[in-house]
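In: Sequence and predicted structure are below.
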Amino acid sequence: MDNPTFTVSRRKFLKLTGGGLVVAFVFKDFLVFAGGASHESPTLPASEVGAWIQIGEDGKVSVFTGKVEFGQNIRTSLSQIVAEELKLPVSSITMIMGDTDLVPYDAGTFGSRTTPQMGTQLRKAAATARGVLIEMAAKKWDTTTDGLYAENGMIVNKAINQKMAYGSLTKGQQILRTIADDVPVIAAKDWKVAGKTVRKVDGALYITGRHKYVSDMHVPGMQYAKVLRAPSYNAKLVSVDDSKAKAVAGVTVLRDGDFIGVVAPDAESATKALQLIDANWQEETGQPSTANIFDYLVKNVGGDGGGGGEGGGGRRGEQGDVKAGMAQGNFRHAQTYHVNYIAHVPLEPRAALAEWTDGNLTVWTGTQRPFGVQEELVNTFKLNKEKVRVIVPDTGSGYGGKHSGEAAIEAARLAKAVNRPVKLVWTREEEFTWAYFRPAGVIEVAASVKNDGTISSWKFINYNSGNAGLNTQYRAVNKQETHIPCKTPLRQGSYRALAATGNVFARESHMADLARLIKMDQLEFRLKNLDDDRFKAVLQAAAKAFGWDGPKMPGHGYGIAGAFEKGGHIATCAEVMINSDKEVQLLRVTQAFECGAIVNPHHLENQIMGAIVQGLGGALFEKIDFANGKILNSRLSAYRVPRFSDVPKIEVLLLNRKDLPSAGAGEAGIVGIAPAVRNAILDATGTALTTLPMIPNGTVV
Amino acid sequence: MVLNVNGVKHEVSADPDVALLNVLRNQLDLTGSKYGCGEGACGACTVLINGNPARSCITPVGSVAGKEITTIEGLEKSGKLHAVQEAFLTTDVFQCSYCASGMILAAVALLNANPSPSEDAIVKAMNGNVCRCGTYPFIVTAIKLASKS
């Protein structure tokens, strides 16, 4: 955790950022701690600062945040938010992100929190900065702030027809202001820059190949590393002969317990040396496999069950009387749903470049948690935090799969051994095998429903996969919703929308089955059991655009599903066609999404579209196949991900609620597609599929 | 051996079996071509060899000596983006963008062979390129836009 005694002094703040005006967002009102005498706080505990903005002597605006860019396009949306409040074009804003030496502490980029939390903090900091600039201008003009306003990087004084540029106001100044929660900001209905489509701010770097991802980086004297991997999980190193590897010119072999790595001046020598290491391993037999994983999980409850649950749901016991409620309905329905492990497959595998200088360690790596990886490095090398710097250049995606610092630690160990900068880029097979997975799960659902559509009892038990999205948003007086952690044979962790991918699949599948039991329309049944108007609105919008009530071709099926997840309301309709060979063709998808006031419509549409496409993989065919501690499909040619030809016609409807705060949108968009397709297959065939992925071979079994 | 990359001849010393991708990235610092899978299954490493798309991660460097190799760095001519790059930029296609170079080169090859491809032809030609962020619909839009320019 953050050292509570570590403080950012005013001097350090200004040294970090140069002169000018610095406005820091703080989680508590430091005016209280400072005795209320000054706006300028003498010290700021680092853990209490969320973000800061600097307006330099040249008028340029720098924004410092611990969030990282992994393709969510938050570098753009956060710039828009700051530009809006400071009345500047987006191009005037520079975002400094994910560098532990430069930015305030941040827990990480996950949970769809960037827009609602960091966006809000930056908005308030920028609004404060605007107010301070107006005060400064008023002082210079020897007038009051009345009638002064900000416009295009200037404070305008209409009365005397004069303007002052931000830079001329901040020049020669060293002003640090802290702000708390109550500063007024511009309402979404009045936005001019936020709320509009702005292109990816540094888009040209990517379409020309100029952006340097970590895996592309090179520093003087840098060498290349490879790490020897065990042949299976839990294998123990028995003996090793590294003499042939060491004989390769320029190669260093580091052996430290079961860790063996090689470093060479060029990538080919490193690869060659790795292949020349002769290692004997004792492998563990009898490990669980894909064939028995679901039995295994249910029989092995009580593990740490890490990873599946942050941010959502929460464990819950019983409300009302579930058993009595079961007896009150006209129909009871129990079903067990299964969710397989899947891989994130970020196209850029884990990579790190580590460099030691005078006992200080700098690591460039693509992680969603720069400060978390800094802590991992601090613990591994027993260093003071001040000596470890983690820098995260914009990264080739993560989807929840890059919270950890494996490559960073490995590169740092090897860099230390050779006393040179070392780059390590994981292979695809390493990424498939030694990262972590979306948890597998077993979800038992039992429910009872009355003829009029009232849900009289709801019981939902999730083994292992997690508690995100566990709780139903539908009305049920008697209910029990529980997540039971289990011992997992594969390393598991966060995923896009976490366990909600499985939990929403189970819930929305079960809802479809209940509606069929009482012969009620799927949409009507859901609306009848909802109190949340925002949820109802997306269901109705999706159904209307899709033509839910419209005619249907023979052999075709319609499905609908929805959820409220991570601040986003989502509803998905799907149409499938099943031929006489039971082959499923997904024809079209309509998805409505509402996350409050929209910051960037095109980028939001892109996120929602991408989430549908990614969600298709886990819904239809993605599955990790494993046995005896080995991943059997650890290559992209063996693990199918969605491609161009898998994409149906997709219609995305964005509901813009300017009256509501903006929520994040990176995750919720993924949860609707699996149950919508499942329910469409059910509609077409009467077959109720219960396992994710549903049709790994393309046909309904 | 001599590699002709983006119109410039480079003398490189490499085992002929080494993947072209590694030589481009590690010896010539042309890092726009990406490693994604190492088996030609994702398209992130796509370059053009004599105008045809090739997976540089499974192309032995010895097999392309003397041939015309085009990477993403060579598409821009005298400060002017290639029409496909322009179309991808205008459409604002990408999220993480790691697939961008390979997508753009595959699209350039497609449009060179078929200047106005149907949507089916685009899907067929591009199907070997993976965008894990799922921006496929926007990529199709961008290729259609480029085909009109």
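Out: Done, it's in. The model shown is predicted, which means the values in this text are computed figures rather than measured ones. Numbers count the residues shown, from 1 in each chain, chains lettered A, B, ... in the order given.

In: Spit out the contact partners of the closest residue to residue B:99 other than its chain neighbours.
Out: Distances taken as Cβ to Cβ, 6 or more residues apart in numbering or on different chains put residue B:131 closest to residue B:99, at 4.6 Å, once the chain neighbours are dropped. Every C-beta, even on glycine, is put in place using the N, C-alpha and C of the backbone. For residue B:131, the contacting residues are A:347, B:94, B:99, B:103, B:139, by Cβ atoms under 8 Å, 6 or more residues apart in numbering or on different chains.

In: Let me know the closest of those to residue A:71.
Out: Among those, residue B:94 lies closest to residue A:71 (Cβ to Cβ), at 7.4 Å.

In: Could you look up the SS state of that closest one?
Out: Put simply, residue B:94 is coil when judged by DSSP: H, G, I helix; E, B strand; the rest coil.

In: Also the one 10 residues further on?
Out: The local conformation at residue B:104, judged by three-state DSSP, is helix.

In: Not counting sequence-adjacent ones, nearest residue to it?
Out: Closest to residue B:104 by Cβ to Cβ, 6+ apart is residue B:84, at 5.4 Å.

In: Number of residues surrounding residue A:549?
Out: Look at residue A:549: counted by other Cβ atoms under 10 Å in any protein chain shown, it has 11 neighbours.

In: Identify the residues contacting it.
Out: residue A:543.

In: ok, now with 10 Å
Out: Residues near residue A:549 by Cβ atoms under 10 Å, 6 or more residues apart in numbering or on different chains: A:521, A:523, A:543, A:558.

In: Only whichever of these are buried, select them in ChimeraX.
Out: Selection of buried members from the contacts of residue A:549 for ChimeraX, criterion 16 or more other Cβ atoms under 10 Å in any protein chain shown:
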select /A:523,543,558
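
In: which ones among the contacts of residue A:549 are found in helices?
Out: A:523, A:543 (DSSP state H).

In: Looking at the contacts of residue A:549, spot the one nearest residue A:84.
Out: Residue A:84 lies nearest to residue A:543 out of those, by Cβ to Cβ, at 34.1 Å.

In: hang on, the closest one packs against residue A:561?
Out: No. Look at residue A:543 against residue A:561 with Cβ atoms under 10 Å: they stay out of range, at 11.3 Å.

In: which neighbours do the two share?
Out: Taking Cβ under 10 Å, 6+ apart as the contact rule, residue A:543 and residue A:561 both touch A:522, A:526, A:571, A:573.

In: Which residue ranges make up each domain of chain B?
Out: Domain segmentation of chain B under automatic domain parsing yields B:2-73, B:83-148.

In: from these, which stretch is densest packed?
Out: Each of the domains of chain B was assessed for mean neighbour count using mean count of other Cβ atoms under 10 Å in any protein chain shown. The highest is domain B:83-148, with a mean of 22.

In: Quick one: end-to-end distance for it.
Out: Using Cα to Cα, to the nearest Å, the end-to-end distance of domain B:83-148 comes to 10 Å.

In: distance between stretch A:327-340 and the chain's centre?
Out: Centre-to-centre, stretch A:327-340 and its host chain are 31 Å apart (Cα atoms, centre = their mean, to the nearest Å).

In: about what we covered before: I'd like to know which of the shared contacts of residue A:543 and residue A:561 are part of strands.
Out: A:571, A:573 (DSSP state E).

In: can I get the shared contacts of residue A:543 and residue A:561 in CSV with pLDDT?
Out: What follows is the shared contacts of residue A:543 and residue A:561, written out as CSV (pLDDT from 0 to 100):
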residue, pLDDT
A:522, 98
A:526, 98
A:571, 98
A:573, 99
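
In: Just give me the closest of the shared contacts of residue A:543 and residue A:561 to chain B.
Out: residue A:573 (17.0 Å; Cβ to the nearest Cβ).

In: residues contacting residue A:366?
Out: Taking Cβ under 10 Å, 6+ apart, we find residue A:366 in contact with A:68, A:70, A:98, A:213-215, A:346, A:348-352, A:373, A:392-398, A:402, A:407-408, B:96, B:98.

In: Name the nearest residue to the residue most central in space within chain B, ignoring sequence neighbours.
Out: Per Cα atoms, centre = their mean, the C-alpha nearest to the average position across chain B is that of residue B:105, at 3.0 Å. Using Cβ to Cβ, 6+ apart and skipping the chain neighbours, the partner closest in space to residue B:105 is residue B:46 (4.6 Å).
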